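Asker: Structure for the following, please:
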Amino acid sequence: ADKVILPGVGAAGFAMQALKEKGLDEIIPGLMQPLLGVCLGLQLLCSYSEEDDCSCLGVFDVAVKKFPPQDIVPHTGWNNLYDLEGNLFSQVPTNPDVYFVHSYYAALGKETIAKSSYILPFSAGLQKDNFYATQFHPEKSGDTGVQILKNFLAL
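Answerer: Prediction:
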C-alpha cells in the first residue's frame, strides 16, 4: 500500500492483543510509507497506555493517560485545534473545530503537531518521520477533516 491508515475505536489492550496475534505489532513500526493513526490509532502508536495498563507500538515517545475523573469524561463532540504544524494541516483554517470521542489522551511532547484542550491541554496530532496521527476523527470533522485527509493522501 502507498499509504496506511490505522483506525481506532475500542480499548487499547484488546487492540494491541489483536495486532500482536497478527504480527502487526512488529510490522507497523517498521513501515516506510505514510501512516495515519486515528483516535485509538494515535494512542496505539504511543509507547504506553494507562487504558488496560499496556505497552503500545512505541512509534511516539509519549504515554497515553486517562483524563482526570470528572463528570464530563469522555470528551465527546466538537472542539478546536491550535498550534498546528506541518503539511498534514496545510490549507486548514486557524483554530478549526474537529470531532473527538475519547477518555484517554496523549500528553504534549516534542512530536505534537496539533493541540486541543479538554480539562487540560493534550496532543490532538502527532508526527514523527512518516507516522502521523490525530486524536480526533477527521472522517467526522466536516470540511476540515476532508482537507486533512486530502493532505495525508498527497504526502
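
Asker: Across the sheet, point out what pairs with the residue lying closest to Ser141 once chain neighbours are set aside.
Answerer: Excluding the flanking residues, the one nearest Ser141 by CB to CB, 6 or more residues apart in numbering is Val98, at 4.0 Å. Where you see a C-beta, it was placed from the backbone N, CA and C, and this is true even at glycine. Applying DSSP bridges to Val98 yields these beta-bridge partners: Asn79.

Asker: Distance-wise, check Val98 relative to Leu36.
Answerer: Taking CB to CB, to the nearest Å as the criterion, Val98 is separated from Leu36 by 14 Å.

Asker: Which elements pack onto the longest helix seen in the chain?
Answerer: Ordering each helix of the chain by length in residues (DSSP state H) puts helix 142-154 first. Helices and strands in packing contact with helix 142-154 are listed as strand 97-102; criterion 3 or more CB pairs under 8 Å, 6 or more residues apart in numbering; DSSP states H and E.

Asker: Could you check how far the most far-flung residue of the chain relative to its centre is from Thr112?
Answerer: When distances to the mean C-alpha position of the chain are computed (CA atoms, centre = their mean), the maximum falls on Asp71, with 23.5 Å. As for Asp71, its distance to Thr112 is 27 Å (criterion: CB to CB).

Asker: Do you know the pLDDT at Gly8?
Answerer: According to the predicted model, the pLDDT of Gly8 comes to 83.

Asker: where's it relative to Tyr104, distance?
Answerer: Between Gly8 and Tyr104 the computed distance is 11 Å (CB to CB).
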